[in-house]
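Undergrad: Predicted coordinates and the sequence they were generated for:
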Amino acid sequence: MKAYAYVVGSGDGAWQTLFDMAGALDFAGVSDYRGLNQVERQAGETPVCYFLFSAAAMSDIRPVADAIRFSAARAIRFSPMVYCAEAPSVDTTMACINMGFDDVVALPQSRPRLRQRLARQIGRHMVFYETPGYFGPDRRNRIALPEQSPLAGRAGGSFRRLEIVRDLLDGVSVLRDEFSGPAPAVAAMQTLQ
């Protein structure tokens, strides 16, 4: 796979297992995550960078996930984010979905199965939504969202709908970018006030 992988976590046993698994999946390279500057440099060489999160407290994961999803760099912002843990709970899965993760993988997985799960993030048309508190894949058709979710009640506020495709040679292409809500100039003026 001509993509790069960053393994995010605390460096414990679960992190090491995930790091070793990623190393066996034919990525162009695998590193521990040390910040977005590192990823910005790498994205110039390998346009798609995966973020593989090992099991950790959601309070530790959220700042990293938010930094990725709300990055100004398109190559980072649209990167595949995958949470990997033994038997992730429903609460953990919901938290990951609400943070904009692309997938939640229960470990252990066979190498071919994990490679297949990760490959689903490439070459497919995907819809992403952006609201004031959420940026990530469209999850409305997959599970019922709790009322406090940033995805719930989208019709009542403005949002941005983006259709993308990730490609290993060209990175991320935005195929369609639609804004729903107040006219962008009005929204910008409201933001300035």
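TA: Cool, got the structure.
Undergrad: Kindly tell me how buried residue 107 is, as a neighbour count.
TA: Counted by other C-beta atoms under 10 Å, the residues lying close to residue 107 total 16. C-beta here means a position set from N, CA and C on the backbone, and glycine is covered the same way.
Undergrad: wait, isn't it in contact with residue 85?
TA: Yes. Assessed by C-beta atoms under 8 Å, residue 107 is found in contact with residue 85 at 6.4 Å.
Undergrad: quick one: low-confidence ranges for the chain?
TA: Counting by pLDDT under 70, the chain shows low-confidence ranges at 1, 141-156, 182-193.
Undergrad: looking at the sheet around the residue sitting nearest the centre point of the chain, what are its partners?
TA: Centroid-nearest residue in the chain, with C-alpha atoms, centre = their mean: residue 81, separated by 3.3 Å. Note on residue 81: beta-bridge partners residue 51, judged by DSSP bridges.
Undergrad: got a list of what it touches?
TA: Neighbouring residues of residue 81 by C-beta atoms under 8 Å, 6 or more residues apart in numbering: 50, 51, 53, 65, 68, 69, 99, 100, 101, 102, 136.
Undergrad: Ok, residue 24 next?
TA: By C-beta under 8 Å, 6+ apart, the contact set of residue 24 is residue 111.
Undergrad: cutoff 10 Å now
TA: Taking C-beta atoms under 10 Å, 6 or more residues apart in numbering, we find residue 24 in contact with 30, 111, 114, 115.
Undergrad: Name only those of those residues that count as buried.
TA: Buried members of the contacts of residue 24, scored by 16 or more other C-beta atoms under 10 Å, are 30, 114, 115.
Undergrad: Residue 5 belongs to a strand, doesn't it?
TA: Yes. Residue 5 sits within a strand when classified using DSSP: H, G, I helix; E, B strand; the rest coil.
Undergrad: Which parts of the chain are strands?
TA: Remark: strands assigned in the chain by DSSP state E are 4-8, 29-32, 49-54, 81-86, 103-107, 125-131, 134-137, 159-167, 171-180.
Undergrad: got TSV for these, with distance to residue 43 too?
TA: Below are those laid out as TSV (distance: least, C-beta to C-beta, whole Å):
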stretch	distance to residue 43
strand 4-8	8
strand 29-32	12
strand 49-54	6
strand 81-86	14
strand 103-107	20
strand 125-131	18
strand 134-137	17
strand 159-167	12
strand 171-180	7
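Undergrad: Overlap of the contact sets of residue 107 and residue 85?
TA: Between them, residue 107 and residue 85 share these contacting residues under C-beta under 10 Å, 6+ apart: 14, 18, 54, 55.
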